[in-house]
Each structure stands twice: as structure tokens, then as C-alpha cells.
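>>> Below is the sequence, then the predicted model.
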Amino acid sequence: MLSADALWENGFGIIFPELSGQSGFQEQHAALELIESLAPEVVIPGHGRPFGDVPAAIARARSRLAALREDPARNARNAIKALIKFLLLDLEQVRFADLLERLRDAQVLLDAAAQLQMRLPQALAWAVDELVRAGQLAREGEMVRNDDPAASRQSPPRIRQ
């Protein structure tokens, strides 16, 4: 089965509708139910390597979904970090001020920041600091750069919540 972002070996993609106050967690639950009912032997996800222990992957995904439902801010934090990391995979490096300017009108990031009760500049600074702590980015003065060479050869970056 080709699962795209509905099921990865250790989770699933960002649930974007939830960032703007729309339903998304229920739809993710339904997608997991459907995948389980199809009983695939092998899943080829949109990101990561193909895997065969589908019941274990579904169990991990359900656990993650339950945690997101309990604390929707986790989804917002993950979204901000993942989107910044993806942008830096493309740009390789950028001045923080230019990052702010580039993203200032990105509604998905504005919505995620609002869920975290932050203004966008504060949320972006927090996310960059978190990614630096995780070894995903590096900061040198005003410059922010991708600092995970292995991630640039894989997709997606592994970002812990």
C-alpha cells in the first residue's frame, strides 16, 4: 500500500486542518481505520522506508494521535518546526530577519503560532532554537543554516515533539 502521509512507520504527517480550527484528528483516525481494514502486508509511506509491521505502525500512530488530541499544541509545535526545517533544506541558510520576512504572511504558520499563543516572530525564534538544540539547524550570528547533512539526503527530517 502507498500510504503517503497517512501512515509512516513511526507516525504520520502534520494534521494541517487542526491548525486553523478545522477537523483533522477525526479524519486521521478514519484513515488509520481504513488502512487497518485493508490489512496491507507492506506500506510504502510518502516519507521514510517501506515497512512490513503494519499493526505496530498503526498502534504507534494511534498513540501519537491520542497525544495530539489531548494536547493540540503539539501538532502546532511540530508543524512550525517541520515547515522551517523543510524550508532550510531548500535554502540551506538564511538570515533570521529574512526568514521572518519570507514567512510573515504564511497563514498556516500564523495559525500555528496563534494556537501556541505566540506572535509569529516569537514562534519562529522558539522553533529555530528548538531545532538548533536538536542538531537539525545551526545558528551563527544572524544566519540560520541546515545542520543535518543526513536529512538533506532523506525525507522528511526527524523532528521530535
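Perfect, thanks for sending it.
>>> Endpoint to endpoint, stretch 130-144 covers what distance?
12 Å (C-alpha to C-alpha, to the nearest Å).
>>> now that stretch, how far from the centre of its chain.
17 Å (C-alpha atoms, centre = their mean, to the nearest Å).
>>> List the buried residues in it.
By 16 or more other C-beta atoms under 10 Å, the buried positions in stretch 130-144 come out as 130-131, 134, 136-137, 144. Quick note: C-beta positions are derived from backbone N, CA and C, even for glycine.
>>> and this protein, what are its domains?
Following automatic domain parsing, the chain resolves into domains at 2-70, 73-153.
>>> Apart from its chain neighbours, what residue comes closest to Asn75?
Excluding its sequence neighbours, the residue lying closest to Asn75 (C-beta to C-beta, 6 or more residues apart in numbering) is Leu68, at 5.0 Å.
>>> For the buried residues of stretch 130-144, give me JSON lines that also has distance to Met1 and pLDDT.
Listed next are those as JSON lines, based on distance: C-beta to C-beta, whole Å; pLDDT from 0 to 100:
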{"residue": "Glu130", "distance to Met1": "33", "pLDDT": "97"}
{"residue": "Leu131", "distance to Met1": "32", "pLDDT": "97"}
{"residue": "Ala134", "distance to Met1": "31", "pLDDT": "95"}
{"residue": "Gln136", "distance to Met1": "29", "pLDDT": "95"}
{"residue": "Leu137", "distance to Met1": "33", "pLDDT": "97"}
{"residue": "Val144", "distance to Met1": "37", "pLDDT": "97"}
